[in-house]
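In: Have a look at this prediction, sequence included:
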Amino acid sequence: MRVTPAVLRDTYRLLLNCRTFHRSNMPSRPRLVASGSIPKWGDCWVHPYPTIRISTHLRTLHAIQRTVAHEMVHIALEQAGSKGWHDHGADFRMMRASICRELGWKQRGF
Ligand SMILES: [Zn+2]
């Protein structure tokens, strides 16, 4: 599967249904960018506008879903006021455990 803006939009909207994200004030329509300049995975920022960039080098639906969910965890932590929202510290690991449990995913590599 190719990473396209439509795939990213639908993936984001699907993942918004997760209980893990219901506790956070997730942006309903963030900027979702399919980027060929990121070698793999993705990145995100919140200001001036919530943005998630996902690498077009990803090739499977599973990898796309996991990568979007990973960036959504960062956004959710920022929205919750976590000082370490951009890193993979304790807050990230707690939310990672929650989303992976909810979706039946392995935490390893998330
Ligand atoms: Zn990360």
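Out: Noted; the coordinates are in hand.
In: This structure: helices as residue ranges?
Out: Using DSSP state H, the helices assigned to the chain run over residues 5-15, 19-22, 61-79, 90-103.
In: Among those, which comes closest to S28?
Out: helix 5-15 (8.9 Å; C-beta to C-beta). For every residue, glycine as well, the C-beta is placed using N, CA and C.
In: Now do the closest one: which elements does it pack against?
Out: Packing partners of helix 5-15 (3 or more C-beta pairs under 8 Å, 6 or more residues apart in numbering; DSSP states H and E): strand 31-35, strand 51-55, helix 61-79.
In: can you put these in CSV and add mean neighbour count?
Out: Shown next, in CSV, are those (neighbours: other C-beta atoms under 10 Å):
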stretch, mean neighbour count
strand 31-35, 18
strand 51-55, 22
helix 61-79, 21
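In: Mean pLDDT and distance to R93 added to these, as a markdown table?
Out: Shown next, in a markdown table, are the helices and strands packed on helix 5-15 (pLDDT from 0 to 100; distance: least, C-beta to C-beta, whole Å):
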| stretch | mean pLDDT | distance to R93 |
| --- | --- | --- |
| strand 31-35 | 98 | 25 |
| strand 51-55 | 98 | 20 |
| helix 61-79 | 97 | 10 |
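In: Let's have these in CSV, adding distance to M94.
Out: Below are the helices and strands packed on helix 5-15 laid out as CSV (distance: least, C-beta to C-beta, whole Å):
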stretch, distance to M94
strand 31-35, 25
strand 51-55, 20
helix 61-79, 9
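In: Among the ones you listed, which comes closest to L8?
Out: strand 31-35 (3.9 Å).
In: Relative to A76, how far out is the residue nearest to T67 when sequence neighbours are not counted?
Out: Leaving aside its sequence neighbours, T67 sits nearest to G42 (C-beta to C-beta, 6 or more residues apart in numbering; 4.9 Å). As judged by C-beta to C-beta, to the nearest Å, G42 and A76 stand 15 Å apart.
In: Could you do R13 as well?
Out: 15 Å.
In: now H47
Out: 15 Å.
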